[in-house]
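*Asks:* okay, here's the prediction I keep looking at, along with the sequence it came from:
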Amino acid sequence: MRVSPLVDLSQYLPILIFLVIAAGLSAAFVFLPMGVAHLTGAHNPNAEKLSEYECGFPAFEDPRSQFDVRFYLLAMLFIIFDLEAAFLFPWAVSLDLTGWPGWITMMVFLFELAIGLAYAWKKGALEWE
Amino acid sequence: MTAFFQSLGMTYEWAWFTSTIAGILLIALPLMLAVAMIIYVDRKIWAAMALRKGPNVVGPFGLLQSFADGLKVFLQETIIPSAANKGLFLLAPIITFTVALLAWAVIPFNSGAVLADINVGLLYILAVSSLGVYGVVISGWASNSKYPFFSAMRAAAQMISYEVSIGFTLVCVVLWAGTFNMNGIVLAQQGHGLGFVNGFFFNPLLFPMWVVFLISALAETARAPFDLTEAESELVAGYQTEYSSMSFALFWLGEYANVLLMCTLNAVLFFGGWLPPVEWSLLYYVPGWLWLFIKIFFFFFVFSWIKATVPRFRYDQLMRLGWKIFLPLSLLFVVLISGWLMLTRYGV
Amino acid sequence: MIQTLAFYLFAAMVIASAALTILARNPVHSVMWLISSFFNAAGLMIIIGAEFIAMLLVIVYVGAVAVLFLFIVMMLNIDFAELRAGFMKNFPVGIAIALVLLAELVLGIGAYRAGALELGVPDGSAAPILGASNIENIGALMYGRYLFLFETAGLILLVAMIGAIVLTHREQRAPRGHQNIAKQIARQPEDAIVNTKPEVGKGVQL
């Protein structure tokens, strides 16, 4: 095991700088062509061009319609399993410190969530057609 | 690298800063070049499997095709639909591409050659890749058009479904490696199989998890056979339908950068990263980054191969695979692997 | 120096994004500002050295919770004008809740200042293990000292899951003819194809 302070902050500064550079680069990629198009005269919008993609007639209804409730249920199940994974992360690297009690604790926890998964399965919450 | 800049007479701070910037550019610029080339390679492989020639006009063997395409989209007009939400419409490609670049900060290219050597490297990758869903959802909503919106919904549900099983497979790897540090994970694979094969894939308990990870990686990046988000017969061009010019190209660049990232993760987490395939002192004369690139390219070939041969999934099949097969399977393997490790490594 | 600068940058961004979350007129913009505020809070966590918490903040809040918010806000087809009409009606209630929260804050800080509360007396049993990383320390504490609290968290998650299913799940319309995928994959060419050579005018008996 490496002997180091709890956290090495100097390793995070490159990430911050990278974030700035990456965001700047992508923004440049989006906005430069707009400027270039103005200069070359490629920028020539008209009402037909700016309408949304449809089969040659205006859309009948608002595209942002209500959606199936299953998508919400899916997102909620995702949050729960994501949290479960989040609990697994520190456990996975500290097994040498916690030993069997830590392992058994997690097995009980996983069993609780397996019940939840079995319930969702039985109720048909995971069914799509 | 800091020491090199210091030898040029800079103070430590400036030398550190310069070497960091150089490191970032050394990752970002070759990555963009690699993405351009890999699109060409993808088309070539795909064409060869369909007995076609693929791009062969621009430059020798068509090598400059991607650059010609890039120049073309760069000079095009950026169309922003009048019904769209302008700010978010332009923000979506920026998010997609930034996120695709950002994950590379913790990838080890060689022993110690990593931009940010953080303790929680793998969690960082998971965190950054979980942001990818925003580029898709926002583009779909901001376009204010039917097909992008449907596609964004499908994509979001698909990405979060497979993120769950990816999370559990990563736990399996971490259990065995005992660390979240990317370099540590690579080093833990040294001589893993019978003392001379480098890589977790050789482990009978981790091999099924590698298969799950590979397939989830395909689904996470919406590659065929999971490319329902741009099923052209139903959804035109998916969430990119309303985009044009460079904003459109950024989605492509981001998508392929993500595909490369997933190939890299396959190589780093299961195939020994920058280590040679087997422990043999002669193989260590080949530089580590070259081994990594060979492995990445191999996985990219596998991705292209799958794209060329496997028909597209139906949406209910996709969801079934993610929630009813991969999720219980990876949970079961977390239990099996941790139990095995308790019996053999920690619990005695 | 850089740490101080970064702290003020992140702190200012957290407050500004939080303010814009409640001031933005478009609910989708609100969610975006909320995400920005989560993100900067993660930055603050890194500065105090809690790298694991920072990553969790991004994975769980930005990657999962905010996605649900975005789903809801995007797809409920909210009528903005109607929302603003409701604003004046609920205004007194909002103010009352805000006042209660403010009073709680003042009372809490006041009690703490007056020394009426004993907040975690350090007895050395939760001291960090030097040489182990942040995340290992959290693991050692959570699955050692606090394992019953952890199991309670598991039960709460179970209740949340069942609750979500009970509240949102509706009985399905009659399901389509059920597909047995294992059976489909196990099917071999021999089961499906017969090679025959019928004589002229005889036909084939299937």
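*Replies:* Yep, it's here.
*Asks:* list phi and psi for residue B:278.
*Replies:* phi -130, psi 160 (degrees, to the nearest 10).
*Asks:* tally of neighbours for it?
*Replies:* 14 (other C-beta atoms under 10 Å in any protein chain shown). To be clear about C-beta, it is placed using only N, CA and C from the backbone, and glycine gets the same treatment.
*Asks:* that one pairs with what?
*Replies:* residue B:197 (DSSP bridges).
*Asks:* my read is that it contacts residue B:194, right?
*Replies:* No - taking contacts as C-beta atoms under 8 Å, residue B:278 lies outside contact range of residue B:194: 9.8 Å.
*Asks:* how far away is the one residue in the stretch 101-250 of chain B that gets nearest to chain C from chain A?
*Replies:* Proximity of the stretch 101-250 of chain B to chain C (C-beta to the nearest C-beta) peaks at residue B:130, 2.9 Å away. From residue B:130 across to chain A, the span is 8 Å (C-beta to the nearest C-beta, to the nearest Å).
*Asks:* list the residues that contact that residue.
*Replies:* B:163, C:58-59, C:62-64 (C-beta atoms under 8 Å, 6 or more residues apart in numbering or on different chains).
*Asks:* any weak-confidence spans in the chain?
*Replies:* Using chain A. A:1-8, A:42, A:47-68, A:129 (pLDDT under 70).
*Asks:* correction: the question concerned chain C.
*Replies:* Flagging of chain C using pLDDT under 70 yields the residue ranges C:76-87, C:116-132, C:171-178, C:206.
*Asks:* longest helix of it?
*Replies:* Counting residues, the longest helix found in chain C (DSSP state H) is helix C:80-114.
*Asks:* and that helix with chain A, contact?
*Replies:* No - Helix C:80-114 stays clear of chain A (C-beta under 8 Å from any C-beta of the partner chain), getting no nearer than 12.3 Å.
*Asks:* so does the very next helix or strand once past that helix get close to chain A?
*Replies:* Once helix C:80-114 ends, the next helix or strand along the chain (criterion: DSSP states H and E) is helix C:134-140. Yes - Helix C:134-140 lies within reach of chain A by C-beta under 8 Å from any C-beta, at C:134-140.
*Asks:* in chain B, where is pLDDT below threshold?
*Replies:* Within chain B, the segments meeting pLDDT under 70 span B:1-3, B:229, B:231-237, B:347-348.
*Asks:* helices of that one, residue ranges please.
*Replies:* Using DSSP H, helices in chain B cover B:2-7, B:12-49, B:65-75, B:86-102, B:121-129, B:132-142, B:146-177, B:182-188, B:207-220, B:232-235, B:245-270, B:288-309, B:315-320, B:327-341.
*Asks:* by contact count, what packs against the second one?
*Replies:* Judged by 3 or more C-beta pairs under 8 Å, 6 or more residues apart in numbering or on different chains; DSSP states H and E, the packing partners of helix B:12-49 are helix A:13-40, helix B:2-7, helix B:65-75, helix B:86-102, helix B:245-270, helix B:288-309.
*Asks:* got the domain boundaries for chain C?
*Replies:* Domain assignment of chain C by the TED database yields the ranges C:1-82, C:85-118, C:128-170.
*Asks:* mind putting these into TSV with distance to chain B and mean neighbour count?
*Replies:* As requested, the domains of chain C are arranged in TSV below (distance: least, C-beta to the nearest C-beta, whole Å; neighbours: other C-beta atoms under 10 Å in any protein chain shown):
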stretch	distance to chain B	mean neighbour count
domain C:1-82	3	18
domain C:85-118	22	10
domain C:128-170	4	17
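*Asks:* in CSV, list the ones you listed along with distance to residue A:119.
*Replies:* CSV is the format used below for these (distance: least, C-beta to C-beta, whole Å):
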stretch, distance to residue A:119
domain C:1-82, 20
domain C:85-118, 35
domain C:128-170, 6
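*Asks:* give me the neighbour count for residue A:82.
*Replies:* 22.
*Asks:* surely it touches residue B:165?
*Replies:* No - Residue A:82 is beyond contact range of residue B:165, at 11.5 Å (criterion: C-beta under 8 Å).
*Asks:* re the thing from before, out of the domains of chain C, flag the one nearest residue B:342.
*Replies:* Nearest of the domains of chain C to residue B:342, taken as C-beta to C-beta: domain C:128-170 at 12.6 Å.
*Asks:* how distant is that closest one from the center of its chain?
*Replies:* 14 Å (C-alpha atoms, centre = their mean, to the nearest Å).
*Asks:* how about the residue in chain C that chain A sits nearest to: what's its closest non-neighbour residue?
*Replies:* Nearest residue of chain C to chain A, counting by C-beta to the nearest C-beta: residue C:139, 2.7 Å away. Nearest non-adjacent residue to residue C:139, counting by C-beta to C-beta, 6 or more residues apart in numbering or on different chains: residue A:94, 2.7 Å away.
*Asks:* over to residue A:27?
*Replies:* residue B:94 (5.5 Å).
*Asks:* for the one you found, what are its contacts?
*Replies:* Per C-beta under 8 Å, 6+ apart, neighbours of residue B:94: A:23, A:26-27, A:30, B:250.
*Asks:* how about TSV for these, with distance to residue B:202 and neighbour count added?
*Replies:* Formatted as TSV, those follow (distance: C-beta to C-beta, whole Å; neighbours: other C-beta atoms under 10 Å in any protein chain shown):
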residue	distance to residue B:202	neighbour count
A:23	40	17
A:26	39	25
A:27	44	16
A:30	45	20
B:250	39	25
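*Asks:* does residue A:112 touch residue C:158 like I think?
*Replies:* Yes - contact criterion C-beta under 8 Å: residue A:112 and residue C:158 qualify, at 4.9 Å.
*Asks:* how about the secondary structure of the residue nearest the centre of chain C?
*Replies:* Computing the C-alpha centroid of chain C and ranking residues by C-alpha atoms, centre = their mean puts residue C:65 first, at 2.8 Å. Here residue C:65 is recorded as helix under DSSP: H, G, I helix; E, B strand; the rest coil.
*Asks:* state the helix or strand in which the closest residue to it other than its chain neighbours lies.
*Replies:* Nearest residue to residue C:65, sequence neighbours excluded (C-beta to C-beta, 6+ apart): residue A:79, at 6.0 Å. Assessed by DSSP H and E, residue A:79 sits inside helix A:70-93.
*Asks:* helix or strand right after that helix?
*Replies:* Using DSSP H and E, the helix or strand that follows helix A:70-93 in sequence is helix A:95-123.
*Asks:* that older thread, how about TSV for the helices and strands packed on helix B:12-49, with distance to residue C:16 added?
*Replies:* Compiled in TSV, these are given as follows (distance: least, C-beta to C-beta, whole Å):
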stretch	distance to residue C:16
helix A:13-40	17
helix B:2-7	34
helix B:65-75	34
helix B:86-102	16
helix B:245-270	27
helix B:288-309	40
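*Asks:* is stretch C:24-35 in proximity to chain A?
*Replies:* No - using C-beta under 8 Å from any C-beta, stretch C:24-35 never reaches chain A; the gap is at least 9.9 Å.
*Asks:* for the residue lying closest to residue B:292 once chain neighbours are set aside, what are its contacts?
*Replies:* Excluding its sequence neighbours, the residue lying closest to residue B:292 (C-beta to C-beta, 6+ apart) is residue B:274, at 4.6 Å. Neighbour list for residue B:274: B:108-111, B:186, B:288-289, B:291-292 [criterion: C-beta under 8 Å, 6+ apart].
*Asks:* what do you get for residue B:87?
*Replies:* residue C:29.
*Asks:* try 6 Å
*Replies:* With contact set as C-beta atoms under 6 Å, 6 or more residues apart in numbering or on different chains, residue B:87 has no partners.
*Asks:* do the same with the one 10 residues further on
*Replies:* For residue B:97, the contacting residues are A:26, B:250, B:253-254, taking C-beta under 6 Å, 6+ apart as the criterion.
*Asks:* if you set the cut-off to 7 Å instead, what comes out?
*Replies:* For residue B:97, the contact set (C-beta atoms under 7 Å, 6 or more residues apart in numbering or on different chains) comprises A:26, A:29, B:250, B:253-254.
*Asks:* how much space is there between it and chain C?
*Replies:* On the measure of C-beta to the nearest C-beta, residue B:97 and chain C end up 17 Å apart.
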